[in-house]
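Here is the input, now give the coordinates:
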Amino acid sequence: MNYHPYIPNTNEDTNEILSNIGVKSFEKLIPDLPKDLLFPDLKIGNALTEPELYNHLNKISKDNFDLEKYSLFLGAGSYKHYIPATVKSILRRGDFSTAYTPYQPEAAQGTLQSGFEFQSLVSHLTGMEVTNSGMYDGATSFAEACLMACRVTQKNKIGVINHFNPTIIEVLKSYIAYKEIEIVMIDEITENISKDLACLCIQYPNFYGSIPKLEEYVNNTKSSDCLTIVHTNPISLGFLKPPGDYGVDIVTAEGQPLGVPISYGGPYIGLFSCNKKHLRQMPGRIIGQTTDLDGNIAYTLTLQTREQHIRRERATSNICTSTQLIGLMVTIYLATLGPEGIKEVGNLCYQKSHYLANSLKKIKKVNIENKVEFFNEFVFSTPIKSSTLNQKLLERNIIGGLDVSNLIDNGILICCTEINTKDEIDYLVSSIEEIIND
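Got it, this is the predicted structure:
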């Protein structure tokens, strides 16, 4: 068996290890694994010099759709926003980029302080009382919130309002696959909900970009001992009323829009906020502020009830890595923009998406599917297949929206952020009109 050259064991080392174990090959150690699940041998060709390798990789990279050369109108969970220069400048400091989980506070006050600032800023943004120092991403943050609600209420049914991002629901399903927990999809709520539900989950804005009436949902849960979980786009919270103001119990979000590049889908960071009364059931890490022996402000990890620290079955979280560096990007972004800046970004997203929607309405055979107010995304449909329309837009250097024709006939979920210029939007609209009428 040919081993990857970056693994330090030589073939001689490997043969000696196998001989001592008493087998002739590595494959003899894994006979029970299905052959079709084994990682295939990599055919990477002969060794290259550094200049040759650079040219080879550069050529491969040109197969990607460079977001600097294409107009982007795709959202659905990952968004292109302007990232201030301060983010990269501070992030690249060696004392931040080399920092790991700050188990030793005496050697990690800078990392701990940046995490504490992250928690404080996210709490202000969500309108909630407490925030942890980050989760893997938005989807796992939401799944952990549902598990937390089941622990708090001692119930095993999770209510989810329809029009929730289906990929996030798939993550939730994987989290509860081996637990006696049931997901109940709910169309609308017209009266008090079932007392069997541990939580009611609302996406705000929802998957189609529409803005649900949170107040009605929260009011309908008060008599049923059911927690309310809101999963949100954090950029919208500079423009919309924050969930905490409605009295919700838990808020989760994907932190990517806050200064984190799209980066092929990760790494990202999940945001997780809740009411103080549920603090001890919150998953992940929480950084606290205190004073040292000399009376100076100091920071330390606290309430880290993870499986490394207490008995596994009592742990509130199984998060085993640190998202501190991505959290730092969020912290710098929010600190740079401030309250007025984040409000302006949200307003630009709202105004530009509505300009796009109003422009598309003028095209015959184009329908805007959203029936209520939306934030920066909406669904439109045309007489032609969504995949065909997106392909023809791509030929014009436009990355169109998400094909949601499996949910809405010929539907496309389209997005605008502050990055999209008026010229880009006008070109998109004229291109769609030409393609439809071609």
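
pLDDT averaged over the helix or strand Ile412 falls within, what's the number?
Ile412 is located in strand 411-415, with elements delineated by DSSP states H and E. The average pLDDT for strand 411-415 rounds to 98.

ok, then the element right after whichever helix or strand Leu200 is part of?
For Leu200, the element it lies in under DSSP H and E is strand 197-204. Per DSSP H and E, the first helix or strand lying C-terminal to strand 197-204 is helix 214-219.

Quick check: mean pLDDT of that following helix?
91.

so what secondary structure elements neighbour whichever helix or strand comes after that helix?
Next helix or strand after helix 214-219 toward the C-terminus (DSSP H and E): strand 227-232. Here strand 227-232 touches helix 138-153, strand 197-204, helix 214-219, strand 250-254, going by 3 or more C-beta pairs under 8 Å, 6 or more residues apart in numbering; DSSP states H and E. Backbone N, C-alpha and C define where each C-beta goes, glycine included.

in its sheet, what does strand 227-232 sit against?
Looking at strand 227-232 with DSSP bridges, its partner strands are strand 197-204 (parallel), strand 250-254 (parallel).

I'd like the ones you listed as a markdown table, with distance to Ile183 and mean neighbour count appended.
Output for those, formatted as a markdown table (distance: least, C-beta to C-beta, whole Å; neighbours: other C-beta atoms under 10 Å):
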| stretch | distance to Ile183 | mean neighbour count |
| --- | --- | --- |
| strand 197-204 | 9 | 26 |
| strand 250-254 | 16 | 29 |
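
what pLDDT, on average, does the longest helix anywhere in the chain get?
Ordering each helix of the chain by length in residues (DSSP state H) puts helix 324-361 first. Averaging pLDDT along helix 324-361 yields 97.

what's in contact with the next helix or strand after it?
Using DSSP H and E, the helix or strand that follows helix 324-361 in sequence is strand 367-368. Contact with strand 367-368 is made by Ala357, Leu360, Lys361, Phe378, Val379, Phe380, Ser381, Thr382, as judged by C-beta atoms under 8 Å, 6 or more residues apart in numbering.

what's the nearest residue to the fifth one if we skip its chain neighbours?
Closest residue to Val379 in three dimensions, ignoring its sequence neighbours and counting by C-beta to C-beta, 6 or more residues apart in numbering: Glu369, at 4.1 Å.

Report the contact partners of the one you found.
The contact partners of Glu369, by C-beta under 8 Å, 6+ apart, come to Tyr208, Phe378, Val379, Phe380, Ser381, Ile408, Gly411.

For these, give me CSV that also has secondary structure, neighbour count and distance to Lys173.
Shown next, in CSV, are the contacts of Glu369 (DSSP: H, G, I helix; E, B strand; the rest coil; neighbours: other C-beta atoms under 10 Å; distance: C-beta to C-beta, whole Å):
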residue, secondary structure, neighbour count, distance to Lys173
Tyr208, coil, 22, 21
Phe378, strand, 25, 27
Val379, strand, 22, 24
Phe380, strand, 23, 29
Ser381, strand, 19, 28
Ile408, coil, 16, 23
Gly411, strand, 21, 23
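
In the host helix or strand of Ser89, which residues are buried?
According to DSSP H and E, Ser89 maps onto helix 85-91. For helix 85-91, burial by neighbour count (16 or more other C-beta atoms under 10 Å) applies to Val87, Ile90, Leu91.

Surely the second one and Tyr333 touch.
No: with contacts counted by C-beta atoms under 8 Å, Ile90 stays clear of Tyr333, the gap being 10.4 Å.

Out of the strands paired with strand 227-232, which gets nearest to Glu216?
strand 197-204 (10.0 Å; C-beta to C-beta).

tell me the contacts of the nearest residue to Asp249 once chain neighbours are set aside?
In space, not counting the residues next to it along the chain, Asp249 is nearest to Leu227; the distance is 4.1 Å by C-beta to C-beta, 6+ apart. Shown in contact with Leu227 (C-beta under 8 Å, 6+ apart): Ala149, Val152, Thr153, Ala198, Cys199, Leu200, Thr221, Asp249, Ile250.

Surely the fourth one touches Thr153?
Yes: with contact defined as C-beta under 8 Å, Ala198 reaches Thr153; the gap is 4.4 Å.

okay, and the common contacts of these two?
With C-beta under 8 Å, 6+ apart, Ala198 and Thr153 have common neighbours Cys226, Leu227.

which regions of the stretch 201-350 of the chain sit below the pLDDT cut-off?
Applying pLDDT under 70 to the stretch 201-350 of the chain flags residues 304-313, 318, 320-322.

Show me the helices in the stretch 1-150 of the chain, by range?
11-21, 50-61, 85-91, 94-97, 109-126, 138-153 (DSSP state H, counting those that start in this stretch).

Just the residues contacting the second one, thanks.
When you say that, I think you mean helix 50-61. Contacts to helix 50-61, defined as C-beta under 8 Å, 6+ apart, come from residues Leu48.

First-to-last residue distance for stretch 170-179?
Distance between the two ends of stretch 170-179: 15 Å, counting by C-alpha to C-alpha, to the nearest Å.

need the strands paired with strand 227-232 in CSV with distance to Gln351, can you?
Formatted as CSV, the strands paired with strand 227-232 follow (distance: least, C-beta to C-beta, whole Å):
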stretch, distance to Gln351
strand 197-204, 19
strand 250-254, 22
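
mind checking which of those strands is nearest Lys28?
strand 250-254 (44.2 Å).

Could you check the angle that closest one makes with helix 138-153?
Angle, strand 250-254 to helix 138-153, by axes from the mean of the first three to the mean of the last three C-alpha atoms, to 10 degrees: 170 degrees.

Direction-wise, compare strand 250-254 with helix 109-126 and give the angle.
110 degrees.

Give me the contact list for strand 250-254.
Strand 250-254 is contacted from outside by 77-78, 126-128, 135, 137-139, 141-142, 144-145, 148-149, 199, 227-234, 243-244, 268, 270-275, 278, using C-beta under 8 Å, 6+ apart.
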